[in-house]
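# pasting the sequence and the predicted model now:
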Amino acid sequence: MQLNMNIDALTSAFADAALKTVSKIKIERDSPAVLAAGALVGLYAGKKLIDQSFNMMEQICNRTYIYNICWEDPAVDHQVLKITPDDVIFRICSAGDIVLDYAIEGPSKIVVCDMNQHQLWLFELKIRMLRDPNLTYDEWWGIWGDSNVEIALSVWKRMRHTMSAGGRKWWDGRIERVFRKGFATSGSTGFIVKVLLPFLMAAIGFNLKEWAETGFSHEYMVKHYKVIETSAVWFRRLFPGILAPFAGVPPNQIGPEFYTVEFYEGILKAIFLDPDFGKDNYFWRFYCEKGYKDQTCCPRTLMKEHFEALKDNAGCFEWHHATVQETMERVKPHTFTKLVLLDHMDWMPNAMVHDEWIALQRATVPGAKILWRSAFTDNDEKPFFNNCDIDDLSPAWYAKDRVKMYPGTFLTYMPRDDFPFIDTEPSPCQKASFSTKFRTSTKMILHPITGRGADAHGDKMSSFYASQAQGYDAVRENMLVARPDMMSAFGPIKNQHTWLDIGGGTGRNLHYLRAQLDKFDTIVVLDICPELLEIGKENARQSFTTNQFEKIQWVCMDINDPKIREELALVSGNTIDRGFDTITFSYSLTMIPEWEKALYSAKSLMSNEGRVLVSDFDTYTEEGNSVKDFLIHSWYKQDGVRIEAKTRDVILNKVFGGDEYTTTVARMQRKLAGVWIPHFVSCCRKGTITMPDGFRRPSVPDLSRFIDAEEKKSD
């Protein structure tokens with residue numbers, strides 16, 4: 001979403017469209033089309049004012065709730081979660097109606113949170129009403145089904161004293177207006193329905209009332225199929241820049257597909273050409289009819305047969321005005337068995353997702369079931385998710401989801417082994433004075449690696465880095481910025497974990513995991529530059545305990561050496577077959593002349609649950625053939641860094657291609673001295689499965705070991 005888009009151009013486009021539309025209809029001052037057009041002009045003007053001083057979505061959240069009903073299908077949740085009386089459930093609140101649906105199943109406890117206080121006050125209103133011993137089903141339906149203002153006020157007067165002080169004050173000034181105007185038009189999503197829907201129907205020439213009178217007939221919609229195509233064009237124009245914040249969609253969640261007509265047309269077809277739309281799609285009928293008209297098409301929470309269960313279980317709720325991470329840090333460890341995270345991680349950077357899941361792991365039982373949705377069909381852009389064995393439910397469940405808002409639906413089980421805890425603060429010994437940084441930077445610029453006469457790769461590296469070794473870490477800290485993202489994909493760290501850091505030099509990566517080094521069996525830092533290894537060894541001696549330091553082996557050797565496997569087995573004290581659980585290339589792959597061979601060498605050193613992680617410089621474009629790509633390639637080439645789009649392709653599709661490996665790549669750009677520099681992080685791991693008890697195992701058994709064991713028995 002581009003909140004700072006050209007308002008004048010949009011206003012002009014809207015005015016032209018509005019004039020064309022109005023010219024086709026009889027102009028009446030109080031007609032819905034004229035009122036809607038006027039309201040939409042007001043919306044544009046209001047947006048212009050808000051854009052000058054506020055983030056629109058933040059402005060909305062400061063005034064009201066966004067969602068008057070939840071935008072997920074609870075039927076899908078029930079099929080996936082299979083709620084039992086023993087479950088302790090967590091979910092982001094939103095409008096709260098889906099957690100009410102969960103409560104019908106009688107779980108032990110449900111905890112919700114939301115950053116929008118008004119969403120929680122809406123949820124609290126529902127809960128306090130359900131906890132009123134005198135509440136009848138007719139009153140419940142009258143308020144939330146019929147939006148009957150007299151019933152709402154009657155029940156409010158009876159139970160308002162049970163509300164929190166903030167909630168009571170907020171609803172005192174709004175409850176009469178909300179239910180008199182219609183609950184379906186409340187909140188910012190309701191505002192869209194109230195303002196946009198009449199205008200859109202007039203603009204596309206569709207009689208919504210006539211369709212409703214047919215019972216939302218499938219045949220009627222097929223006959224008027226063109227309205228879907230026309231509506232998609234209008235949504236393409238209005239949604240990314242204008243309507244998104246009112247629908248609770250932040251800028252980070254607006255991908256390239258949101259700027260194509262085909263994206264909206266696909267969603268609209270899936271919703272409105274569904275033959276069962278009129279029978280059971282209560283979600284969209286709520287907006288089309290501005291409320292629920294009867295109990296034949298409404299949520300389970302408004303059905304009479306579930307009312308008593310709903311009241312009986314209304315005491316199971318706890319709610320927090322907080323982020324997900326803050327909520328996880330407040331509860332007792334190992335509290336939750338099932339969690340539903342909605343789509344909020346779409347707009348979070350990788351580091352924030354990582355921190356949140358550290359808190360989630362603390363607050364959940366091993367094997368807890370975690371469900372989330374996304375506007376995207378994969379999680380590749382966030383390297384952290386490589387720590388989880390994720391089941392993509394989208395192909396099976398998107399067709400069954402009546403709301404159709406989220407193309408991505410994902411499930412995982414919380415592993416028992418700890419997620420990597422990334423401490424980005426350098427150790428004291430890795431910091432340097434300004435003068436040291438200046439001298440190191442000067443040497444780096446004036447002493448390009450290609451400017452020396454050394455022939456062997458190891459000699460070139462020593463020639464280049466020997467004079468920089470002392471200030472290497474301090475200078476590179478703001479240059480090699482994808483390292484923390486790579487380390488976030490390290491994988492759950494089990495007891496006796498093994499790690500090979502190829503091109504690890506000064507051992508900077510070890511310091512990211514300083515809090516978990518005791519869990520490792522062996523760590524090998526491999527490099528062909530002895531000067532960097534000496535610095536790394538001394539830094540480790542100063543920074544880590546004796547026990548931690550003794551786990552680390554510093555090996556000066558080429559990864560492509562024919563004897564590398566035997567040598568690493570010797571120094572690590574493991575058998576040759578054991579391999580390494582995690583192998584990392586941190587800005588080293590693009591400096592290795594025979595880099596493809598190095599990848600195959602790393603592949604041969606993986607354990608049966610191993611992974612290879614690469615962070616490095618990238619091209620600006622996917623193909624790597626732009627002018628900017630040529631410039632960055634030429635600049636880094638002087639230091640022996642090879643930047644090609646081919647690198648990503650070889651990693652993902654050649655070396656680690658095939659069903660045995662799960663591969664992802666995240667591309668990013670970060671500023672260095674005011675210039676955007678491209679980086680990437682790739683993760684290639686052997687398939688594993690996290691079981692419902694939290695234990696992980698290879699998804700493909702190693703049959704060769706079984707055969708060897710059987711042959712030994714026969715001998």
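Yes, it's here. Residues are numbered from 1 along each chain as shown.

# where exactly do the helices run in the stretch 551-700 of the chain?
Applying DSSP state H, counting those that start in this stretch to the stretch 551-700 of the chain gives helices spanning 564-572, 595-604, 627-637, 646-649.

# can I get the CA coordinates of the helix or strand hosting K126 in PDB?
Using DSSP states H and E, K126 falls within helix 117-130. Below are the C-alpha coordinates for helix 117-130, written out as PDB (Å, rounded to 0.1, in the frame of the first residue of the first chain):
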ATOM      1  CA  GLN A 117      -7.800  -1.800  22.400                       C
ATOM      2  CA  HIS A 118     -11.100  -1.200  20.700                       C
ATOM      3  CA  GLN A 119     -11.100  -4.800  19.300                       C
ATOM      4  CA  LEU A 120     -10.800  -6.000  22.900                       C
ATOM      5  CA  TRP A 121     -13.600  -3.800  24.100                       C
ATOM      6  CA  LEU A 122     -15.800  -5.200  21.400                       C
ATOM      7  CA  PHE A 123     -14.800  -8.700  22.500                       C
ATOM      8  CA  GLU A 124     -15.300  -7.800  26.100                       C
ATOM      9  CA  LEU A 125     -18.900  -6.600  25.400                       C
ATOM     10  CA  LYS A 126     -19.800 -10.000  24.000                       C
ATOM     11  CA  ILE A 127     -18.200 -11.900  26.900                       C
ATOM     12  CA  ARG A 128     -19.800  -9.700  29.600                       C
ATOM     13  CA  MET A 129     -23.200 -10.200  27.900                       C
ATOM     14  CA  LEU A 130     -22.700 -13.900  27.800                       C
END
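
# helices and strands around it, which ones?
helix 97-103, strand 109-114, helix 137-144, helix 149-159, helix 165-172, strand 317-321 (3 or more CB pairs under 8 Å, 6 or more residues apart in numbering; DSSP states H and E). Placement of C-beta: from N, CA and C, glycine included.

# please identify the buried residues of the shortest one?
By that I understand strand 317-321. Buried residues in strand 317-321, counted by 16 or more other CB atoms under 10 Å: 317, 319-321.

# and that strand, how far out from the chain's middle?
From the chain centre to the centre of strand 317-321 is a distance of 23 Å (CA atoms, centre = their mean, to the nearest Å).

# do the same with the fourth one
The gap between the average C-alpha position of helix 149-159 and the chain average comes to 40 Å, counting by CA atoms, centre = their mean.

# so which of the buried residues of strand 317-321 comes closest to K537?
Closest approach to K537 among the buried residues of strand 317-321 (CB to CB): H320, at 47.0 Å.

# which residue is the nearest non-sequential neighbour of that closest one?
Among residues not flanking H320 along the chain, C113 sits closest, at 4.2 Å (CB to CB, 6 or more residues apart in numbering).

# and if you look at I66?
Among residues not flanking I66 along the chain, G248 sits closest, at 4.2 Å (CB to CB, 6+ apart).

# next up, the contacts around that neighbour.
Residues near G248 by CB atoms under 8 Å, 6 or more residues apart in numbering: 57, 66-67, 188-189.

# any idea which of the residues you listed is closest to K597?
Using CB to CB, the contacts of G248 come closest to K597 at M57, 49.9 Å.

# what pLDDT is listed against that closest one?
We note a pLDDT of 64 for M57 in this prediction.

# and if you look at N252?
75.

# P366: what secondary structure?
Here P366 is recorded as strand under DSSP: H, G, I helix; E, B strand; the rest coil.

# what's the neighbour count on the nearest residue to it once chain neighbours are set aside?
Among residues not flanking P366 along the chain, G694 sits closest, at 2.9 Å (CB to CB, 6+ apart). By other CB atoms under 10 Å, the residues close to G694 number 18.

# touching, G694 and D418? I think so.
No. Under the criterion of CB atoms under 8 Å, G694 makes no contact with D418, lying 11.3 Å away.

# from the contacts of G248, which has minimum pLDDT?
Ranked by pLDDT, the contacts of G248 bottom out at M57 (64).

# mind checking the SS state of the residue lying closest to S572 once chain neighbours are set aside?
Nearest residue to S572, sequence neighbours excluded (CB to CB, 6+ apart): T522, at 4.1 Å. On the three-state scheme (three-state DSSP), T522 is labelled strand.

# just A75 next, same as before
Going by three-state DSSP: A75 is helix.

# picking that back up, may I have the residues that are in contact with the residue nearest to P366?
Each residue near G694 by CB under 8 Å, 6+ apart is listed here: 365-368, 413-416.

# what's the answer for L533, then?
So L533 contacts 505-506, 525, 527, 554-556 (CB under 8 Å, 6+ apart).

# nearest to D280, of those residues?
Of the contacts of L533, the one sitting nearest to D280 (CB to CB) turns out to be V525, at 59.9 Å.

# help me confirm that the closest one is found in a strand?
Yes. Applying three-state DSSP, one finds V525 inside a strand.

# so it touches Q553, yeah?
Yes. In this structure, V525 is within contact of Q553 by CB under 8 Å, at 7.2 Å.

# what about the helices in the stretch 301-450 of the chain?
Counting by DSSP H, counting those that start in this stretch, the stretch 301-450 of the chain has helices at residues 307-312, 324-330, 350-363, 394-397, 434-446.

# worst average pLDDT in those?
Lowest mean pLDDT of the helices of the stretch 301-450 of the chain: helix 434-446, a mean of 60.

# which one of V525 and Q553 has more residues nearby?
Neighbours were counted for V525 and for Q553 using other CB under 10 Å; V525 has more, 27 against 17.

# out of the contacts of G248, who's the most crowded?
Within these, most neighbours by other CB under 10 Å means I66, with 24 neighbours.

# how close does that one get to E289?
21 Å (CB to CB, to the nearest Å).

# one more: C529?
Distance of C529 to E289, given as CB to CB: 71 Å.

# for those two, work out which one has more neighbours and name it.
C529 (24 against 16).

# state the distance from the more buried one to S588.
C529 is 10 Å from S588, by CB to CB.

# now the common contact residues for those two.
Both C529 and S588 are contacted by G505, under the criterion CB under 8 Å, 6+ apart.

# pLDDT score for A103?
pLDDT, A103: 98.

# that should have said N6, apologies.
Listed pLDDT for N6 reads 40.

# ok, L238 next?
Note for L238: predicted pLDDT of 86.

# now L526
So, for L526, pLDDT stands at 97.

# picking that back up, okay, the contacts of G248 in CSV with distance to K603 next?
Below are the contacts of G248 laid out as CSV (distance: CB to CB, whole Å):
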residue, distance to K603
M57, 45
I66, 47
Y67, 47
S188, 51
T189, 50
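
# would JSON lines of those residues with secondary structure and distance to T337 be doable?
Shown next, in JSON lines, are the contacts of G248 (DSSP: H, G, I helix; E, B strand; the rest coil; distance: CB to CB, whole Å):
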{"residue": "M57", "secondary structure": "helix", "distance to T337": "32"}
{"residue": "I66", "secondary structure": "coil", "distance to T337": "29"}
{"residue": "Y67", "secondary structure": "coil", "distance to T337": "26"}
{"residue": "S188", "secondary structure": "helix", "distance to T337": "33"}
{"residue": "T189", "secondary structure": "helix", "distance to T337": "31"}
